[in-house]
Structure formats: structure tokens, C-alpha cells
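Asks: Build me a model:
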Amino acid sequence: MKKTIQLSFALLLTVLISSSVFAQKAVEPKPSPMALAKIMLDKTYISITYSQPHKRERVVFGELVPLGKVWRFGANETTQLTTTGDIKVGDKVLKAGTYSVFCMPEKDSWTLIFNSALGQWGAYQYDASKDVLSVKVPTSATSETWEAFTIKFDKAEGTSTKLNAMWDGTMISVPVSAN
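Replies: So this is what the prediction gives:
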């Protein structure tokens with residue numbers, strides 16, 4: 001009887017310790033957590049799902065993110081934009097649907113690329129033949145340093161907004177409107 005109680009106590013203690021360890025691991029922040037930017041323009045819903053890489057005292061543009069090469073516009077899985085209606089990005093029309101979003105950063109501008117190939121990890125299998133639309137936009141300096149890569153929409157003005165992406169001391173701002 002005494003051995004049964006001791007074994008039961010040992011088993012209970014093991015379960016409690018294991019649960020505590022698993023609970024602690026579950027709350028550890030991811031190095032590049034998932035994020036969502038979304039907006040409603042008239043009857044068109046637009047969402048961007050992406051992972052947020054962090055600066056972590058690194059040189060971002062020109063080193064971590066090479067200039068002149070296609071980048072996944074975030075971290076981990078390729079960033080995805082979904083729109084329930086046709087939209088204008090810059091001065092070009094993007095049809096309703098879901099797209100991978102890539103980017104080609106340059107010193108003074110970035111080219112945003114919307115691609116039909118979904119479910120990719122990074123830009124390792126980027127296929128330019130699946131590009132649906134690309135828009136070149138100028139960069140600007142930010143007044144603050146953005147530790148995490150951040151995508152957000154400005155407040156909607158009627159059927160228009162701006163899609164902003166910031167990281168380190170750099171920002172792009174792209175006009176977007178429901179078509």
C-alpha cells in the first residue's frame with residue numbers, strides 16, 4: 001500500500017512538473033511572430049498575414065535583406081494578401097483573390113510584387129513567371145527606428161487608404177483603393 005501511494009505521488013509530481021515545463025515553453029515569444037493587417041474599403045475586405053522579423057541590432061537593408069534581390073516581405077512563410085474585391089495598388093488593378101507578396105528593396109525604392117504561387121517558405125522558390133502585378137514605390141526615412149517589421153493600413157478615407165511597411169528607419173507607403 002505504501003509503495004502504491006509513493007508511486008502515485010511520484011507520478012502526480014512528474015505530471016505537474018511536465019505540465020509546468022510545457023506551459024512555460026508555450027508562452028515564449030517567437031523570434032518572428034505572426035501579424036495581421038486588415039481593412040474594409042467600402043465592401044472590399046483586405047488582409048495581409050505576415051511574420052515580423054526583428055532588427056536585433058543588425059543592419060537590415062543591404063545586409064540582412066540584400067538590395068536588388070527578391071525578399072519575402074516578412075519572415076518565415078511568404079506574406080499573403082487576400083482581397084475580396086478588385087483593388088488598385090498604386091495605379092494598377094489587382095483582381096480579387098489571395099496572393100503571395102514579395103518585395104525587391106533598392107536604396108531609394110522598393111518594388112512590391114504580387115504573385116499567384118501560394119504556400120511558400122521564404123523566397124527560395126520564387127517564380128517570376130507567376131507574378132500578377134508589381135508596383136515600384138519610393139522609400140522614405142522614418143522619425144523612429146522600427147524594431148519589428150510592421151505592415152499597417154492608414155485609416156480609410158472613403159474607398160482609399162495607404163498600405164505602409166516600416167522596418168528599421170525605412171518606410172514605404174502605397175496608395176490602395178477599392179476598384
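Asks: Show me the helices in this structure, by range?
Replies: Counting by DSSP state H, the chain has helices at residues 2-26.
Asks: quick one: the top strand by length along it to chain centroid distance?
Replies: When secondary structure is assigned using DSSP state E, the longest strand within the chain turns out to be strand 131-153. What separates the centre of strand 131-153 from the centre of its chain is 11 Å, taken as CA atoms, centre = their mean, to the nearest Å.
Asks: list the buried ones in it?
Replies: By neighbour count, and taking 16 or more other CB atoms under 10 Å as the criterion, the buried residues in strand 131-153 are 131, 134-135, 137, 139, 146, 148-149, 151, 153. Bear in mind the C-beta positions are built from the backbone N, C-alpha and C, glycine included.
Asks: Return the member of these nearest to residue 43.
Replies: residue 153 (16.2 Å; CB to CB).
Asks: how many other residues sit next to the closest residue to the closest one other than its chain neighbours?
Replies: The shortest distance from residue 153 to any non-neighbouring residue, by CB to CB, 6 or more residues apart in numbering, is to residue 39 (4.2 Å). Look at residue 39: counted by other CB atoms under 10 Å, it has 18 neighbours.
Asks: tell me which residues form a beta bridge with residue 39?
Replies: residue 46 (DSSP bridges).
Asks: who's the spatially most central residue of the chain bridged to?
Replies: Nearest to the centroid of the C-alpha atoms of the chain, with distances taken as CA atoms, centre = their mean, sits residue 50, at 2.1 Å. On the basis of DSSP bridges, residue 50 is bridged to residue 35.
Asks: what sits against it?
Replies: Residue 50 makes contacts with 34-37, 73-75, 79-80, 101, 149, 151, as judged by CB atoms under 8 Å, 6 or more residues apart in numbering.
Asks: Distance of it relative to residue 137?
Replies: In this structure, residue 50 lies at 17 Å from residue 137, with CB to CB, to the nearest Å as the measure.
Asks: how close does the residue nearest to the centre of the chain get to residue 57?
Replies: Shown here: residue 50 relative to residue 57, a distance of 22 Å by CB to CB.
Asks: quick one: low-confidence ranges for this structure?
Replies: By pLDDT under 70, the low-scoring segments of the chain are 1-29.
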